[in-house]
Structures are given as structure tokens and as C-alpha cells.
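Chemist: return a 3D structure for these sequence lines:
(2 chains)
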Amino acid sequence: MGGNPELHESGVPPPPAPPHKGEGNSGAFAVSGEPDPGGPIWRGAAFHTDAWTKPADDEPLANGPLILSKTRWLAERDRLTGRNAPLGLQIEPGEAIDDLAADFGRFALIALSFPKFADGRAFSTARLLRDKHGFTGELRAVGNVLSDQIPYMRRVGFDTYAVTHGPTRRALAEGRIPEVTLYYQPSTAEEVPVSTRPWLRRSGQ
Amino acid sequence: MYRYDEFDAQFVRQRVAQFRDQVARRVSGELNEDEFKPLRLRNGVYLQLHAYMLRIAVPYGTLSSRQMRKLAHIARTYDRGYGHFTTRQNLQFNWPRLSDVPDILDELADVEMHAIQTSGNCIRNVTADHFAGATADEVADPRPYAEIIRQWSSLHPEFSFLPRKFKVAVIASEHDRAAMKLHDIGLHLKRLADGGLGFAVWVGGGMGRTPIIAKLIRDDLPEEDLLSYLEAILRVYNLHGRRDNIYKARIKILVDALGLEAFAAEVEEDWQRIRDGALKLPDEEIRRIQAYFAPPAFDERPAAAAAIRVPERAFDRWVVRNTHGHRQPGYAIVTISLKPIGGIPGDASADQMDAIADLAERYSFDEVRVTHEQNLVLPHVRLGDLPEVYRALKAIGLAEANAGLATDIIACPGLDYCALANARSIPIAQRISERLAARQDQIGDLKIKISGCINACGHHHVGHIGILGVEKRGEEHYQLLLGGSGAEDAAIGEISGPGFGPDGIVDAVEKVVQRYLELRTGPEEPFLAAYTRLGDAPFKEALYAA
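Modeler: Numbering: from 1, shown residues only, chains lettered A, B, ... in the order given. A predicted model of the protein is given here:
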């Protein structure tokens, strides 16, 4: 991010922030999909195809990058650790994560589910994955992902979004994600400390 | 008081611009009501029975004259010439047009105000003791901490989709004037054993369908750890609070279900991980915010108290009831009652707001406070100026000498406005006020609180006498509760027995009051003390026998 930390003192409102800060931080495992305006995954500043598949718990495992439920991972962990294709994990709200602390390094992607937009548990789970467990792979929001949540999601550590909601897809494509780009809390996102109160204040510019 | 810097100002302007775009898209039909609802709720816009309602945040109840004048201007220009002060120290306008709301928010931003987080499942406007910074009985002004919390909680990315709304109150006195123990988190600023300032932290209080008094989770939280400890509590709540039932989603239910010890252990574990992180409050930052709340330049040689006695009994009554001891000799804290006899609790006209702004400018170092009891306060008035202030209040019909008396009634908007209400609150308050007015001095301290539904915005659970409006076979019906308190002796009132109709409830309150007058040891035994001594039996007998 470039940006001018002094912008807030200029008296001129900053331009709208880009809706996303950049590429997923998924290191050597990166499985990005291809740019595709009709694709389901919002990454960076564009929609992409989804390189991942999520088999049902009773479905045989295909080759290629797979996202597994926590139940399946726990049941088949020993067999799956021998797999070479990238592994992903999906956590549902209410599922504990501390018992997986030793496993997170195996996952290139963790998907956190928002079954309803009002269910905000995954915001805290994301913070814990990034801050407590040091997860550096792709953190993906799936489920009821709506436009006014995306800036909050980015700030707690998400970097990709599976978006099915029509108005939100249009808003993303048109760069119309509502966001206040000045922040009163430090976060896991890349933001510029603001000089007057660098311990707390951040700017997205 | 706190003043916005460029960062704060731009933050609010960006938020307004964003909402203006959303309103335009709603008005054009691009957004339907379902899509718009969560957006408007995040900006304080409710849809009530007859119209939209805009709830404006008054952080910790502190207003400047300039801000009060702006509220008057908005009432006159965009509403019907009045506003309603609420039990959360906020102000509601009941008749704004949706298309005007962005302009109203811009007008508010001109005077460093907003409507952010006055609704929705987020951390709501932080409340505080309305006598903060003026009363003699506090260890320090609690408002700087409320302001720090306000900033930290504004558009918090992790805590904007909580299981339910989340309310925080801060006090700094042994006398709880903010109903601190009825909040999701209550903070009591105090002197710690090491001589520094810190907090007793109370968690899991609340009213609504399941009233619970908060529990003490930590008695010795250093001030520098305030935000990290709040974050740990909020995180445990966000992850584990119930989301399957709106009536069981507040933190009070979680604390009760886990037990305080287990809940505290969860909080402690997360807090130990983060307490030395980015949220640790630097001492210089606390002092910097405190500087905004520095005491005004008091007159060191004010007029002697004797000089204020004027030969008017009404004035004397008002001084006795509506002033409170000030930390600065020669000054008083003045309560402006928004409860004229037979009036609508908490309502103020635009003209009254302007007049109060003038009084604050002239006599109270430019400050007004909003109380959770729906009154206003001039926090710093010279004793010698009291007669002038009294006369000016009398001229605008707000000199009722009833602070803390039976006619100083809290009432929610009820079925006259609110889409959630089951029964009207305001007319009940008006009739009780009229009925008890003549005897209110004789009756003495008595807090009557009225809610029009189980959500308890009118704090009926903690009224010495509480009234809850319900619907019974299509009729308005009222339950009576006795013995509650929202103060340091917090208690939940108990339902007296079968309820009453709209006329019967007024008679019932009078019967309870009459029985109290018969049974008290004397005027020195207020209602709540008598009730505690006597129990509910004599009052039930008065209500239901024969």
C-alpha cells in the first residue's frame, strides 16, 4: 500500500479505498484460481474462478485442492497428512479451533463460514487464527458475505471472499464497497499508523 | 469536553457520505427495505409505528451549548419542533423524513456529533454518571475513559455483528447514578491498592425479558488494561453468546449459563495473551484525553451561599430538590427536570433547547448533560446565579422542583411511537404525575419507571415502583413491580400480583403510595427503605384485599 499518512490532516476527504488490500498471503501453497468476472471468488480487486472444491463428508476425495470440514479432517487426519495436493479446512461458527493448533500449518486455506450475515462469530475466529495461531495462509469468507461486511472482514484478516449475493457482486465489480477508511483500532490488515495517535489510529489510505 | 480533531471529523464525514449514497439507492429503489435495513440501523435510523425515528448519540450524556442549539435547529427544521431525551442519554427525533436524514447527519457532523452505533448488535453509545466532573463524590472524571471506549468501539471490525446489542456504562463514585450494574459491562473507576486508578469491572447486567444484576468479574483492573480487557470480554461473548434466540442472546445469559467463574477464566486466558499488545493504553494518551475534560476556570471567590436565599418558597423547594453538591465550593449542579406535571417525560421543544443552551453558555461553562432519568443537567452553576437560572427555567416551564420525586417518572415512548410496544407508557406517566403532584413533597424520594413492553427501555425492573405494559386479549394491561433499584443498591422489582387496566394502574400506584405513607416510620424513611423493612405483604393487601 502506498498512501499518505498525513492525508487526514489535509482537510480534504480521501478518495474511496480500494475494496481490497491485495493478494492473499498464502505463501508457497498459493492456489489462486484464474481471473474471471463471473467467478465466485473475490481476490485482490477482481473475481476469480475457484481452484478449490469442497466435497461432502461422505464423498470420495478427488485429486486437487480440497476444502474439508473439521469433522472429516479429524476423522481422516492420519491418512490425509500424506497427501501432496493442497489442503483447506472449513470452520463453521461454534466449532472450536484451539484443538487444531498443531494442524494449521498444513492448510493453505481456511474458510470461515457466515451462515447468516448477522452471525459474526467468524470475525473473532479470524482474529484468533491470525493473531493467536499465526495462520498465514489464505483466509476465506464463505456463506452470506455482504458488501458492508467486507471491509470489516478484511480488517480481521480475511483475504478472499466467496460472494454469491448479486448486489454485493455488482458493488464489488463497480468498486462501490462502503467503507470508512479511517480506523480507531489496530488490526491485522496492512494499514498506516496515523501520526497523531499511532498506537491506536490507522488509515486505509 | 472532548473536541474532534481532523481524524475524528473526517471519520464522521466519511460515514455520512457513505450513508447518503445508501439512502439515495434506497430512495431510487436500487436497494429494497430488506437490504437497506441493516445499513440504516447502523446509522441510528429506526422504522417506528408512524415514521422513521433517528436516534442521535450523546456520548456519555455531555453536550455543549452549540450542540444543543444544533439539536434545536434540527427539531425545528426537519422534525416537529421537539426531541425526546432517552434513558441512554441520547436524543430521538420521531418524525424525520428518510431523505432528510443525510442532511441531518451532516448538520450533526458540523458540531461533532453523529448517530453511529445508536442501534444494531454492536457496542452502543457509552454512558456515564451525569454528574461526572462536577460531583464531589468521585475519584476522577469517568468521561475520559468513556471517550476512549467510544473511539475504540467505533465501527469495530470484530464486534459489529455481536449476538445482540452491547451497553457499557462508566461511573467513578460509590453512588451509582448511571444504573451501572444493569449494563452488559459496568465500569467503576476507583483507586487501586497501589494508589493508581483502575476499575472494578461488572459484567452481565441487563434488563429486558430476563433482568439480571451484573456480577463483579474483576476488582482491580489497571486503567492501562481497560481496552484489552474489554476486547477479551467481547471476544468471549462474540464467540460463545447465544444466537439462536434473540431473547437469550445478551451477555447476561452467557455469564449465567457458564457461571461467572468459568466465564472469567475464558476472559482471563484471552486477556493474558493480548494485554501487553497494541491496546495497552499509554499513560500519556490517558492524560491527553483527560486534558479535554479539565475542570473549567471556576471562580475562586464565589458569592456566599447566604446570598442566594430569596424569599420565595418555590425557589427554596427547587434548590433543595434540583441542586446537588459540587466539588467546587460556591457552585452547584442543577438538574433541569424534563418532567413538568402532566408532561411527556424527556420531551423538550426546540425553544426550550435553545433556552437551555443559552443558560449553559451563560451560567455553566457551556455544558449540558443528559441523564438516564431523562432530565438535563447544568453541571457548573455558581450559587449566586441560581435565582437567575431558576427564573429562566420557570419562564420555559422547566422549573418543576421534582428531581427524584414521584413525578420525576421515566417512561419509554411506548405504543404512541414504538413498533415494539404492547401498551402506551406516556399517558400512564402523565396521569400518575397529575395524581401524585400535590403530595410529592410529602411522599419524598420515589422512582417510578414505566415500560410499554418487556424490552424495558423504561427501566421498570429497577423502579422503586415499576410498571410494565403488556397486551392482554387485545387490551392494554399493566403489571406493577415493587422494590427495584438501579442505584448502588441495585435490585430487581417483584411483580405485585395480577395487573391492572390503564385507569386501574394509576389507582394502584396511589394505593401503594398511600400505604407507604401510613406505615413509614416518618419522612426520614423513604419508600424503598420502608418497602425493604416491611416486605410486600402490606402493599399487596392494599392493592388486592377487598
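Chemist: what's the pLDDT at the closest residue to A:Val180 other than its chain neighbours?
Modeler: Leaving aside its chain neighbours, A:Val180 sits nearest to B:Gln14 (4.5 Å; criterion: Cβ to Cβ, 6 or more residues apart in numbering or on different chains). To be clear about C-beta, it is placed using only N, CA and C from the backbone, and glycine gets the same treatment. Note on B:Gln14: pLDDT of 96.
Chemist: tell me the buried residues in the helix or strand harbouring B:Gln14?
Modeler: According to DSSP states H and E, B:Gln14 maps onto helix B:6-27. Neighbour-count burial for helix B:6-27 flags B:6-19, B:22-23, B:25-26 (criterion: 16 or more other Cβ atoms under 10 Å in any protein chain shown).
Chemist: before we move on, what about stretch A:131-138?
Modeler: A:131, A:133, A:135-138.
Chemist: and after the lowest-mean-pLDDT helix or strand in chain B, which helix or strand comes next?
Modeler: None of the helices or strands of chain B scores lower by mean pLDDT, DSSP states H and E than helix B:33-41, at a mean of 84. Toward the C-terminus, helix B:33-41 is succeeded by strand B:45-47 as the next helix or strand (DSSP H and E).
Chemist: ok, that following strand near chain A or not?
Modeler: No: applying Cβ under 8 Å from any Cβ of the partner chain, one finds strand B:45-47 separated from chain A by no less than 14.4 Å.
Chemist: what does that strand contact?
Modeler: Contacting residues not belonging to strand B:45-47 are listed as B:37, B:40, B:52-55, B:98, B:101, B:115, B:119, B:419 [Cβ atoms under 8 Å, 6 or more residues apart in numbering or on different chains].
Chemist: so can I have JSON lines of these showing neighbour count, distance to A:Thr168 and secondary structure?
Modeler: Shown next, in JSON lines, are the contacts of strand B:45-47 (neighbours: other Cβ atoms under 10 Å in any protein chain shown; distance: Cβ to Cβ, whole Å; DSSP: H, G, I helix; E, B strand; the rest coil):
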{"residue": "B:Lys37", "neighbour count": "15", "distance to A:Thr168": "15", "secondary structure": "helix"}
{"residue": "B:Arg40", "neighbour count": "23", "distance to A:Thr168": "17", "secondary structure": "helix"}
{"residue": "B:Tyr52", "neighbour count": "18", "distance to A:Thr168": "25", "secondary structure": "strand"}
{"residue": "B:Met53", "neighbour count": "23", "distance to A:Thr168": "28", "secondary structure": "strand"}
{"residue": "B:Leu54", "neighbour count": "29", "distance to A:Thr168": "26", "secondary structure": "strand"}
{"residue": "B:Arg55", "neighbour count": "23", "distance to A:Thr168": "27", "secondary structure": "strand"}
{"residue": "B:Leu98", "neighbour count": "16", "distance to A:Thr168": "23", "secondary structure": "helix"}
{"residue": "B:Val101", "neighbour count": "23", "distance to A:Thr168": "23", "secondary structure": "helix"}
{"residue": "B:Ala115", "neighbour count": "26", "distance to A:Thr168": "24", "secondary structure": "coil"}
{"residue": "B:Ser119", "neighbour count": "20", "distance to A:Thr168": "22", "secondary structure": "coil"}
{"residue": "B:Ala419", "neighbour count": "11", "distance to A:Thr168": "28", "secondary structure": "coil"}
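Chemist: any idea which of the residues you listed is closest to B:Gly206?
Modeler: B:Ser119 (16.5 Å; Cβ to Cβ).
Chemist: hang on, isn't B:Arg435 packed against B:Val506?
Modeler: Yes: under the criterion of Cβ atoms under 8 Å, B:Arg435 makes contact with B:Val506 at 5.7 Å.
Chemist: these two: which is more packed in?
Modeler: B:Val506 (23 against 17; other Cβ atoms under 10 Å in any protein chain shown).
Chemist: ok but the more buried one is inside a helix, no?
Modeler: Yes: membership of B:Val506 in a helix is supported by DSSP: H, G, I helix; E, B strand; the rest coil.
Chemist: so who does it touch?
Modeler: B:428, B:431-432, B:435 are the contacts of B:Val506 under Cβ under 8 Å, 6+ apart.
Chemist: excluding covalently adjacent residues, which one is nearest to it?
Modeler: Per Cβ to Cβ, 6+ apart, closest to B:Val506 is B:Arg431, 4.7 Å.
Chemist: ok, how many other residues are close to the one you found?
Modeler: B:Arg431 has 17 nearby residues by other Cβ under 10 Å.
Chemist: can you name every helix or strand that the helix or strand where it lies contacts?
Modeler: Element membership of B:Arg431, judged by DSSP H and E, is helix B:426-436. Secondary-structure packing of helix B:426-436 (3 or more Cβ pairs under 8 Å, 6 or more residues apart in numbering or on different chains; DSSP states H and E): strand B:410-411, strand B:448-451, helix B:502-519.
Chemist: low-confidence stretches in the stretch 301-450 of chain B?
Modeler: For the stretch 301-450 of chain B, the stretches with pLDDT under 70 are B:302-311.
Chemist: the residue of it at minimum distance from chain A: neighbouring residues, count only.
Modeler: Residue of the stretch 301-450 of chain B nearest chain A, by Cβ to the nearest Cβ: B:Leu420 (18.0 Å). Residues lying near B:Leu420 (other Cβ under 10 Å) number 16.
Chemist: try B:Ile428
Modeler: 26.
Chemist: in chain A, what secondary structure element scores lowest on mean pLDDT?
Modeler: strand A:192-193 (a mean of 78).
Chemist: hmm, stretch A:106-122 in reach of chain B?
Modeler: Yes: counting by Cβ under 8 Å from any Cβ, chain B is contacted by stretch A:106-122 at A:117-121.
Chemist: filter the residues you listed down to the buried ones, PyMOL style.
Modeler: The buried residues among the residues of stretch A:106-122 next to chain B can be selected in PyMOL (16+ other Cβ under 10 Å) with this line:
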select buried, chain A and resi 117+118+119+120+121
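Chemist: can I get the residues of stretch A:106-122 next to chain B in TSV with pLDDT?
Modeler: Compiled in TSV, the residues of stretch A:106-122 next to chain B are given as follows (pLDDT from 0 to 100):
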residue	pLDDT
A:Phe117	88
A:Ala118	89
A:Asp119	95
A:Gly120	96
A:Arg121	98
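Chemist: nearest residue to the middle of chain A?
Modeler: Centroid check for chain A by Cα atoms, centre = their mean gives A:Phe158 as the closest residue, at 2.2 Å.
Chemist: quick one: pLDDT of it?
Modeler: 97.
Chemist: contacts only, for it.
Modeler: Contacts of A:Phe158 by Cβ under 8 Å, 6+ apart are A:112, A:126, A:139-141.
Chemist: what are the contacting residues of stretch B:241-252?
Modeler: A:93, A:118-119, A:121, B:162-166, B:184-185, B:203-206, B:208-210, B:212, B:214, B:233, B:237, B:253-254, B:257.
Chemist: from these, which land in strands?
Modeler: Using DSSP state E, the subset of those located in strands is B:185, B:203.
Chemist: give me the buried entries from the contacts of stretch B:241-252.
Modeler: Here, 16+ other Cβ under 10 Å leaves A:93, A:118-119, A:121, B:162-166, B:184-185, B:203-206, B:208, B:210, B:212, B:214, B:233, B:237, B:253-254 buried among those.
Chemist: on that earlier part again, after the helix holding B:Arg431, which helix or strand is next?
Modeler: By DSSP H and E, the next helix or strand past helix B:426-436 is helix B:440-443.
Chemist: touching that following helix from outside, list them.
Modeler: B:317, B:402, B:405-407, B:436, B:513, B:516-517, B:523, B:527.
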